[in-house]
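Student: everything below, folded, please.
(chains A and B, ligands or ions: 2)
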Amino acid sequence: MKRITYNSPDKYKAVSDAILKETGTISVLFAGVGGQGILLATGIMARACLFEGFDVKVSEVHGMAQRGGSVVGSIRFGEKVFSPTIDFADFIIALEESEPLRYVDNLKKDSVLIYNTYRIYPTTVYGGSCNYPGNIREMLLKFTSDVFPVDAYKIARQQGKSKAMNVVLLGFFSNFLPISTDSWENAIKDIVSPTILEINLNAFKAGRNLINNF
Amino acid sequence: MEKDVVILTGNEAIALGAHEAGVGFASAYPGTPSTEILENIARSGNIYCQWSTNEKVALEVASGASLAGRRAIVAMKHVGLNVASDPFMTLAYTGVNGGLVIISADDPGMHSSQNEQDNRYYAKMAKVPLLEPSDSQECKDFIVKAFEISEEYDTPVLLRTTTRISHSGSVVKKSKARNQETARTYSKDSMKYVMIPAFARNRHKILLEKFEKLKEFSDKTDINKIVNLKDKKSFCKIGIISSGACFQYASEAFKDYPILKLGMTNPLPFGLIEDFVSDKSLIIVVEELEPFLEEQIRASFLNCKVIGKSFLPGYGELNVEILKSLNKFIASENILEFIHEHTLKDLENKIKKFKEKNSYISGNKEKNDIKDSVKKTIPPRPPVLCAGCTHRPVFHILKKLKVMVMGDIGCYTLSVLPPLDSLDSCLCMGAGVGQALGIEKANDNYKNKVVSVIGDSTFFHSGITSLIDNVFNRGTGLVIILDNRVTAMTGHQTNPGIGSTLMGEDTHMILPEEIVKAVGVKNIRIVDPYDVDLLERTIKEELNRKELSVIICRQECALINQKQILREFYIDESVCKKCGMCIRIGCPAIGYENDKYFINQAICTSCGVCSQICPWDSIKANEENNL
Ligand code: SF4
Ligand code: SF4
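Tutor: Ligands and ions are numbered 1, 2, ... in the order given. Got it, this is the predicted structure:
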């Protein structure tokens, strides 16, 4: 397997160092659409946190909501974590462009918002009863200045698997976290099946390197 | 990193606990949020496990395994225990041989359920010990503990989780080994196991005696304990009592007060609670849904001032924010001084006023104009039937025929949402078939105008008896069995119609039509729902018949059917009249943008339903496509 190299500016990691120091726990909300692989993303990240020596809790939703509806998952990590669910998020990671708008109630003034510019039109838009919102970035900027749109679809396609958008976003997000790339890689190896491991490791790396565009 | 420290969901941890406890038998009927328990036990490979026809049968089979001397575990969602409540109540009388643990996975907030009943009351009603783990580690440890209690006190044990326990992942330390020494021998004991009135009277007395002993156990077990005592000598006037997931929320919100954490909530450790409350001026009981702990504590300690449901909502899930506002209320209003001079009633009035001022406590988020305006721009994204779902054409036709539709529990319940918009009722597993009979009996106007729909798994679960009721009582309605060859909603489990078991063995495939015929239904039709014209004709014919009929719509669930992607469907713009007919079947693969209808090839399963519904034949298949 190819040796992966990372180049990532440290200033982004300072964000989470500060949160950990202040509150002891980092709260991350993952938003997306049923079928986009939120469970995989939270599963990888939880293991990366564990390997890094943090206490960690993950919350997922199964069942009815998975049939193409809006889906959220959350991760909290730190020295000691109590509630697995989130009221206010330090980070929101959205796998679809309009989904972060649904969670503005969970935003704080200094939340960091990373979202995929990929769109999945809900049936309510396809059916013509609603419109897909236009100026998503501007709307999000009303709540926090740290908004990072990422074209994860393009990157995932370049890696040969459009489904790997979730891992591309994780890679990008990893720049903000006090978790070593070794822990991330081990977490991916722990969860992803060997046949698609290399693609996912590369998707992660490509996502991580996207930080140079900002 | 140690290999034996892992992240597990509560359900995975329960499965691990079952393994470590030396469980020899496991059964369940799938239901969110409990389903993964059995799936994970099955994966461990050394425990016999089975999907049962329904929860009642699952518990009965497990009680047989217990009688034979094996440790047995049964898992179900909260409403499943309603179905299993008959054996459950009397098992409390007979007790067990091998340990017997029943898991009830409750669903506060109704993520995937028709109600949010609080199943802790079942334990109280049956006088069965109840454990409530608060994270994955406890899920595993409490299962081991539950089997010890079950065998020592000769009783089934109820372990109650909630969605946030079942589906939350947290860190778990594995133990080394599986307990191999759990099998017991059976010896006949009819006075204990045959519940004729004469014997049952005696068993009821024994049950009461057992319960007294369990009270003593509850007082001394280390799963009930006081935590958060920063300084043991400090004399705190406020104390928190909580259990399960709520304990986590309380720990986060109330950092300064001691918490009495209850792992065993039936019977309650009244001695321990007495010690805890005796030197406190105010007790806060933190629990979701019903005031299960609160009422018992109030009733037993009349002098104690207790806040619970007077502040916290009696519905939905709790969260840390609500508790933080309670904390703020206590601090800001000088509550400790207030309660010295006032009654509990006065305090409750004060709470009422506080809540009126802060509406977000009652579940309404704070008003915020910018947020509200943004939220208005978001198109709703409800769950939908998958592209190519075999249920879609059925509901499209039922809507067109303007009949009354008695629904049931499964993916097809989603047909209540627009654009299909076609259910009149959905009550509980198996209810629709009976409801339809009641409707036609009560009102002649609905004769030949009411249809019940039921999935294959739901039919086996509890539709058969109501079908018999229809035959017996001369019903003339139409029952549609949506046989998509799998239990789809909960994640594609096998069921009696599939021909294979949870253990992967081949078994007899029970066809619904054989049952339908055997109970005396004369008119049975089997149709492929993808043949929309035939389906419509069949439904019309059977609706008009003055006799009971059953239509079985048979086609594999689109999520598991890999056979059909041989054609690629597209909309021929030169023929399309833009009538919008195709979009009204609600297939997520059909879209409309820039005044054009189109098919999203990435998710279309090529079922062909839309092409039959388009009145202008503008949806065409590209058979030659190299796919
Ligand atoms: S053929 Fe038509 S109805 Fe079937 S999945 Fe494709 S778009 Fe949907
Ligand atoms: S899982 Fe199967 S039954 Fe359920 S909505 Fe999808 S296609 Fe239909």
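Student: excluding chain neighbours, what is closest to residue 136?
Tutor: I went with chain A, as the question did not name one. Closest residue to A:I136 apart from its sequence neighbours, by Cβ to Cβ, 6 or more residues apart in numbering or on different chains: A:E97 at 5.7 Å. Every C-beta, even on glycine, is put in place using the N, C-alpha and C of the backbone.
Student: nope, chain B
Tutor: Nearest-residue entry for B:S136: B:A13, 4.0 Å, with adjacent residues in sequence omitted and distances by Cβ to Cβ, 6+ apart.
Student: all helices of the stretch 401-550 of chain B, in order?
Tutor: Assigned by DSSP state H, counting those that start in this stretch, the helices in the stretch 401-550 of chain B fall at B:431-442, B:456-458, B:464-472, B:512-518, B:532-544.
Student: if you could redo that for chain A, that was the one I meant.
Tutor: A:13-23, A:38-51, A:123-126, A:136-141, A:152-158, A:165-174, A:181-191, A:197-209 (DSSP state H).
Student: kindly tell me how buried the residue nearest to B:S136 is, as a neighbour count.
Tutor: If you count neighbours by other Cβ atoms under 10 Å in any protein chain shown, B:A13 ends up with 31.
Student: quick one, helices of the stretch 101-250 of chain B?
Tutor: If DSSP H, counting those that start in this stretch is used as the criterion, the helices of the stretch 101-250 of chain B fall at B:120-126, B:136-152, B:163-166, B:190-193, B:197-220, B:244-253.
Student: now the fifth one - C-alpha only, PDB.
Tutor: Presented in PDB, the C-alpha positions along helix B:197-220 are these (Å, rounded to 0.1, in the frame of the first residue of the first chain):
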ATOM      1  CA  PRO B 197     -55.800 -22.000  39.800                       C
ATOM      2  CA  ALA B 198     -54.900 -24.200  42.800                       C
ATOM      3  CA  PHE B 199     -51.200 -24.000  42.000                       C
ATOM      4  CA  ALA B 200     -51.200 -20.500  40.800                       C
ATOM      5  CA  ARG B 201     -52.700 -19.200  44.100                       C
ATOM      6  CA  ASN B 202     -49.700 -20.600  45.800                       C
ATOM      7  CA  ARG B 203     -47.300 -19.300  43.300                       C
ATOM      8  CA  HIS B 204     -48.700 -15.800  43.700                       C
ATOM      9  CA  LYS B 205     -47.900 -16.000  47.400                       C
ATOM     10  CA  ILE B 206     -44.400 -17.100  46.500                       C
ATOM     11  CA  LEU B 207     -44.100 -14.200  44.100                       C
ATOM     12  CA  LEU B 208     -44.900 -11.800  46.800                       C
ATOM     13  CA  GLU B 209     -42.300 -13.300  49.100                       C
ATOM     14  CA  LYS B 210     -39.700 -13.200  46.300                       C
ATOM     15  CA  PHE B 211     -40.400  -9.600  45.800                       C
ATOM     16  CA  GLU B 212     -39.700  -8.800  49.400                       C
ATOM     17  CA  LYS B 213     -36.300 -10.500  49.000                       C
ATOM     18  CA  LEU B 214     -35.700  -8.600  45.800                       C
ATOM     19  CA  LYS B 215     -36.300  -5.300  47.700                       C
ATOM     20  CA  GLU B 216     -33.500  -6.300  50.100                       C
ATOM     21  CA  PHE B 217     -31.300  -7.100  47.100                       C
ATOM     22  CA  SER B 218     -32.100  -3.800  45.500                       C
ATOM     23  CA  ASP B 219     -30.900  -2.000  48.600                       C
ATOM     24  CA  LYS B 220     -27.600  -3.700  48.700                       C
END
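Student: if we can go back for a sec, let's have the helices of the stretch 401-550 of chain B in TSV, adding mean pLDDT and mean neighbour count.
Tutor: Rendered in TSV, the data for the helices of the stretch 401-550 of chain B read as follows (pLDDT from 0 to 100; neighbours: other Cβ atoms under 10 Å in any protein chain shown):
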stretch	mean pLDDT	mean neighbour count
helix B:431-442	97	21
helix B:456-458	97	28
helix B:464-472	98	18
helix B:512-518	98	17
helix B:532-544	98	17
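Student: and the contacts of stretch B:571-579?
Tutor: By Cβ atoms under 8 Å, 6 or more residues apart in numbering or on different chains, the surrounding residues in contact with stretch B:571-579 are B:582, B:595-599, B:615-620.
Student: which of those residues sits closest to ligand 2?
Tutor: Of all the contacts of stretch B:571-579, B:I599 has the smallest distance to ligand 2: 16.9 Å, by Cβ to the nearest ligand atom.
Student: test for you: state the pLDDT assigned to the closest one.
Tutor: According to the predicted model, the pLDDT of B:I599 comes to 93.
Student: look up how far ligand 1 lies from B:S136.
Tutor: Here the distance between B:S136 and ligand 1 works out to 39 Å (Cβ to the nearest ligand atom, to the nearest Å).
Student: for B:K173, that is, sorry about that
Tutor: Distance, B:K173 to ligand 1, by Cβ to the nearest ligand atom: 47 Å.
Student: if I read this right, that residue contacts B:K3, doesn't it?
Tutor: No. Distance between B:K173 and B:K3: 10.8 Å, which falls outside the contact criterion (Cβ atoms under 8 Å).
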